[in-house]
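>>> give me a 3D structure for the following:
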Amino acid sequence: MEGAGAWAPWLFVGLFLAASFLTIWRLESMSAGGMEGTVLGTLVTPYITASDLIFAYVLGSKGDRPRRS
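Numbers count the residues shown, from 1 in each chain. Purely as a prediction, here's the structure:
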């Protein structure tokens with residue numbers, strides 16, 4: 001994260017959008033092939049966990065490291 005500097009948030013947004021596009025594109029081809037049951041769950045899961053990625057970024061950007069006792 002430190003290597004990306006001030007552009008880090010935009011870099012991560014761009015990566016998220018690219019991964020989302022790739023996921024939706026491939027799920028559409030799976031759906032056309034007859035896998036309707038799994039497509040919805042696979043489509044929804046990455047968007048639910050986006051908050052986990054944001055949480056990890058916020059904690060990582062603080063620079064504080066937990067101290068071990």
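>>> pLDDT-wise, which helix or strand of this protein ranks last?
When the helices and strands of the chain are compared on mean pLDDT, DSSP states H and E, helix 36-48 comes out lowest with a mean of 67.
>>> I'd like the next helix or strand past it.
Going down the chain from helix 36-48, the next helix or strand is helix 50-62, by DSSP states H and E.
>>> what's next to that next one, contact-wise?
1, 8, 9, 12, 16 (Cβ atoms under 8 Å, 6 or more residues apart in numbering). Every C-beta, even on glycine, is put in place using the N, C-alpha and C of the backbone.
>>> please pick the buried ones from these.
Among the contacts of helix 50-62, none scores as buried (criterion: 16 or more other Cβ atoms under 10 Å).
>>> can I get these in a markdown table with secondary structure and pLDDT?
Below are the contacts of helix 50-62 laid out as a markdown table (DSSP: H, G, I helix; E, B strand; the rest coil; pLDDT from 0 to 100):
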| residue | secondary structure | pLDDT |
| --- | --- | --- |
| 1 | coil | 56 |
| 8 | helix | 81 |
| 9 | helix | 83 |
| 12 | helix | 86 |
| 16 | helix | 87 |
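>>> tell me the one of these nearest residue 28?
residue 16 (18.7 Å; Cβ to Cβ).
>>> contacting residues around that closest one?
50, 53.
>>> residue 53 and residue 28: what is the separation?
Residue 53 sits 23 Å away from residue 28, going by Cβ to Cβ, to the nearest Å.
>>> and if you look at residue 7?
Taken as Cβ to Cβ, the span from residue 7 to residue 28 is 31 Å.
>>> helix, strand or coil for residue 34?
coil (DSSP: H, G, I helix; E, B strand; the rest coil).
>>> quick one: buried residues of the helix or strand encompassing residue 27?
For residue 27, the host element (DSSP H and E) is helix 8-32. Buried residues in helix 8-32, counted by 16+ other Cβ under 10 Å: residue 27.
>>> now the angle from it to helix 50-62?
Orientation note: helix 8-32 sits at an angle of 160 degrees relative to helix 50-62 (axes from the mean of the first three to the mean of the last three Cα atoms, to 10 degrees).
>>> sorry, back to before: closest one of the contacts of helix 50-62 to residue 33?
residue 16 (26.0 Å).
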